[in-house]
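**Student:** predicted coordinates and the sequence they were generated for:
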Amino acid sequence: MSQSLKRLKVKLRIAVVQLNPRIGHVDQTLARINSIVSRIERYRPDIVVFPEFALSGYSFHSRSHIEPYLSQPTNGPAWDICQRISKRLSCITVMGYPEIVRESSQKAYNSAIVVNANGELVFNYRKAFLYYTEEEWGCSENPAGFQTFDLPFYQKACDSDGRLYDVSLKSAIGICMDLSPYKFQAPFYDFEFSSFHSEHSTELILFPMAWLHSISATRESKNPEQQKKEIAQSQQSLGFQSHGSQGEYQLDILLNDGTCIKESPSAVTCDLPDVQVKSAFSHPAEPDLTNVDYWILRFMPLLAYRQRKNWFSGGLLATVLKKFQEIRTTYMGASLEKPWSFEHKNTVAVMCNRCGVEDGTTVYAGSSSVFKFNGKYGNFEEELDSSNRSVEVLGSLGKGYEGVLLRDVEIEVLREVDDKAIAIVPERT
C-alpha cells in the first residue's frame with residue numbers, strides 16, 4: 001500500500017445556533033431549539049454548534065442556584081438534545097452546559113460536549129479561563145488547560161483530481177473567556193488561546209460563548225443601577241421579552257449550491273438619548289461589529305501582520321521568547337524559525353454566542369460568526385481587524401435575535417494518504 005503527501009480540501013457545512021435562554025426555562029428553550037433545527041434539517045449540516053450554557057442560562061450566583069442544572073457529560077438535557085440532533089441530522093453537535101463530577105471531589109465545571117452522528121460522546125471540554133461570575137458558584141478551571149482532539153469526517157476531503165477521502169481534523173473547543181487574557185490580568189499580547197492553537201496547528205475551533213456587550217453592568221461599573229434602568233428602557237422600547245426570540249428567528253443561509261436565505265424579524269430601532277445604550281439595542285438584526293473585530297484581534301497569531309518581518313530580522317524575538325521557553329515557541333505568531341508560523345495554514349473558527357439580557361444587567365452581544373483564517377498576505381497586512389485579508393468573515397448574525405447562521409466552509413490540509421482513499425489523521429496532542 002503506497003502513501004503520498006497531498007493537499008486536501010475539506011468541505012463542511014456548519015450551522016451556528018444563537019439562543020437567548022433564561023434560568024428556569026429549559027423546556028421553553030428546548031422547544032425553540034427544535035423549531036430552529038427543523039428549519040435547517042433539509043440542508044444536512046455536518047456540524048451544529050450551540051452557545052455556552054445553551055439550555056440553563058448563564059448568570060448563576062451561588063452553588064445552590066446552579067445545582068439543579070448541573071449534570072454529567074452523558075446524563076442531562078444537553079446530552080439528550082445533542083444526541084437527538086446528531087442522530088436526526090447525522091451531524092456533530094456541540095453544546096455548552098454546567099458539569100458536575102459526581103465523585104468524591106464534587107467539582108463543577110463550565111463545559112461543552114461534542115457528540116457524533118451516532119450519538120456518541122467524542123469529547124468533553126472544560127473551560128480553562130473563568131469569568132468572575134463562574135467563581136461565584138464554585139466553578140473549577142480545566143486542569144488540562146487548552147486541548148486538541150481529532151474530529152473524524154467521512155468522505156469530506158478531496159484532492160485535485162476530485163478523489164474523496166475520510167479525514168480527521170485537528171479540532172478544539174474554546175469557551176468564551178478562554179479567548180481573553182487570563183483573569184484579565186495577563187498581558188494582553190500574550191494571546192494565550194490563539195497562540196496555543198497556532199503552535200498546535202489546530203484546523204477547526206468551535207467556540208460556545210456567553211459574551212457580554214460592553215453596556216453590561218459588571219462589578220467594575222460605576223453606576224450599575226442607572227445602567228440597569230437604561231437597559232430596561234431599551235428592551236421596552238423594542239418590545240423585547242426577557243427571554244426567547246419574540247416569536248421570530250433570524251435565518252442567514254448562504255451555501256455553495258446557490259441557496260441564499262436571509263430572514264430577519266421586522267426592522268426596529270431603539271429611540272433613546274444615551275448613545276451607548278442605543279447602539280446596543282438599535283438594529284438588533286445587525287451584528288455588533290466592535291465585538292466581531294475584537295474576537296478577530298484575539299486571534300492575532302493567526303492574522304497576517306507586516307511588522308512581524310521586522311521583529312524577525314531585527315532579532316527581537318529571542319529575548320521575548322526566552323521567558324516563555326518552557327510553554328511557548330511563538331510570540332504573537334512569530335517564531336525564531338520564521339516570521340509567521342501560521343503562514344500557508346488554514347483554521348476555521350466558529351463563534352457561537354448567545355443574545356438577550358439576564359438579571360436586568362447582563363447584556364449579551366450575539367453576533368455569532370464564522371471566521372476562516374487563510375494563512376495568506378503575511379508581508380502586507382497592517383490592520384488587526386475584519387479588514388485584514390488573512391481573515392474571511394463568512395457570516396455573522398445580529399446582536400439581538402435568536403436564529404441560525406449556516407455556511408459552507410473549506411479547510412485546506414496536508415495529509416499522508418494511501419491508495420484506498422483514506423487520509424491519515426494528524427498526530428494527537
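**Tutor:** Perfect, thanks for sending it.
**Student:** with adjacent residues omitted, what lies nearest to residue 219?
**Tutor:** Spatially, and ignoring its direct neighbours in sequence, residue 219 is nearest to residue 132 (6.5 Å; CB to CB, 6 or more residues apart in numbering). C-beta: built from backbone N, CA, C; applies to glycine.
**Student:** distance-wise, check the one you found relative to residue 150.
**Tutor:** Plainly put, residue 132 is 34 Å away from residue 150 if you go by CB to CB, to the nearest Å.
**Student:** picking up where we left off before, what separates the residue nearest to residue 219 from residue 180, distance-wise?
**Tutor:** 12 Å.
**Student:** the more surrounded of the two?
**Tutor:** residue 180 (17 against 12; other CB atoms under 10 Å).
**Student:** quick one: residues contacting that one.
**Tutor:** Counting by CB atoms under 8 Å, 6 or more residues apart in numbering, residue 180 touches 129, 298.
**Student:** chain center to stretch 328-335: distance?
**Tutor:** Centroid displacement of stretch 328-335 relative to its chain, using CA atoms, centre = their mean, to the nearest Å, is 23 Å.
**Student:** who's in contact with that stretch?
**Tutor:** 189, 191, 195, 198-199, 300-303, 305, 308, 311-312, 317, 320-321, 324, 340-342.
**Student:** could you flag which of those are buried?
**Tutor:** Those of the contacts of stretch 328-335 that meet the buried threshold are 191, 195, 198-199, 300-303, 305, 308, 311-312, 317, 321, 340-342, by 16 or more other CB atoms under 10 Å.
**Student:** give me the subset of those residues lying in helices.
**Tutor:** 195, 198-199, 308, 311-312, 317, 321 (DSSP state H).
**Student:** and stretch 219-230, C-alpha only, in PDB?
**Tutor:** C-alpha atoms of stretch 219-230 as PDB (Å, rounded to 0.1, in the frame of the first residue of the first chain):
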ATOM      1  CA  ARG A 219     -18.500  44.700  39.100                       C
ATOM      2  CA  GLU A 220     -16.400  47.400  37.500                       C
ATOM      3  CA  SER A 221     -19.400  49.500  36.700                       C
ATOM      4  CA  LYS A 222     -19.600  52.900  38.400                       C
ATOM      5  CA  ASN A 223     -23.400  53.300  38.300                       C
ATOM      6  CA  PRO A 224     -24.900  49.800  37.800                       C
ATOM      7  CA  GLU A 225     -28.400  50.900  38.900                       C
ATOM      8  CA  GLN A 226     -28.500  53.600  36.200                       C
ATOM      9  CA  GLN A 227     -27.300  51.100  33.600                       C
ATOM     10  CA  LYS A 228     -30.000  48.700  34.700                       C
ATOM     11  CA  LYS A 229     -32.600  51.400  34.200                       C
ATOM     12  CA  GLU A 230     -31.300  52.200  30.700                       C
END
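**Student:** how about the spatially most central residue of the chain, what does it touch?
**Tutor:** The centroid of the chain falls nearest to residue 207 when counting by CA atoms, centre = their mean (2.0 Å). If a contact means CB under 8 Å, 6+ apart, then residue 207 has 49, 173-176, 178-179, 349-352 as its contacts.
**Student:** where's it relative to residue 251, distance?
**Tutor:** In terms of CB to CB, residue 207 sits 21 Å off from residue 251.
**Student:** now residue 410. Its backbone dihedrals?
**Tutor:** According to degrees, to the nearest 10, the main-chain angles of residue 410 amount to phi -130, psi 130.
**Student:** helix or strand for the residue nearest to the centre of the chain, which one?
**Tutor:** Under the criterion of DSSP states H and E, residue 207 resides in strand 204-208.
**Student:** partner strands of that strand, parallel or antiparallel?
**Tutor:** strand 164-173 (parallel), strand 347-352 (parallel) (DSSP bridges).
**Student:** out of these, which is the most enclosed?
**Tutor:** A comparison of the strands paired with strand 204-208 by mean neighbour count, using mean count of other CB atoms under 10 Å, puts strand 347-352 on top with a mean of 26.
**Student:** roughly how far is that one from the heart of the chain?
**Tutor:** For strand 347-352, the distance to the chain centre is 5 Å (CA atoms, centre = their mean).
**Student:** quick one: average confidence on it?
**Tutor:** For strand 347-352, the mean pLDDT works out to 98.
**Student:** and the contacts of it?
**Tutor:** Contacts for strand 347-352 (CB under 8 Å, 6+ apart): 12, 14, 16-18, 47, 49-51, 94, 197, 202-209, 295, 299, 302, 367-373, 409, 411.
**Student:** switch to 6 Å and redo it
**Tutor:** Residues outside strand 347-352 that contact it (CB atoms under 6 Å, 6 or more residues apart in numbering) are 14, 16, 49, 51, 203-208, 295, 302, 368-373, 409, 411.
**Student:** and those residues, which are buried?
**Tutor:** Neighbour counting over those (16+ other CB under 10 Å) leaves 14, 16, 49, 51, 203-208, 295, 302, 368-373, 409, 411 as the buried ones.
**Student:** out of the residues you listed, which are inside strands?
**Tutor:** 14, 16, 49, 204-208, 369-373, 409, 411 (DSSP state E).
**Student:** for residue 261, state which of these is nearest.
**Tutor:** residue 16 (14.5 Å; CB to CB).
**Student:** what about the nearest residue to the closest one once chain neighbours are set aside, how many neighbours?
**Tutor:** Nearest residue to residue 16 in three dimensions, chain neighbours excluded: residue 405, at 4.3 Å (CB to CB, 6+ apart). Other residues near residue 405 come to 29 when the count uses other CB under 10 Å.
**Student:** ranges for the helices of the stretch 151-300 of the chain?
**Tutor:** With DSSP state H, counting those that start in this stretch as the criterion, the stretch 151-300 of the chain has helices at 192-199, 224-238, 275-281, 289-297.
**Student:** hey, least reliable of those helices by pLDDT?
**Tutor:** Least confidently modelled of these is helix 275-281, at a mean of 57 by mean pLDDT.
**Student:** still on that earlier bit, could the ones in helices among the buried ones among the contacts of stretch 328-335 go into TSV alongside distance to residue 102?
**Tutor:** Converted to TSV, those look like this (distance: CB to CB, whole Å):
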residue	distance to residue 102
195	35
198	36
199	35
308	48
311	49
312	51
317	47
321	43
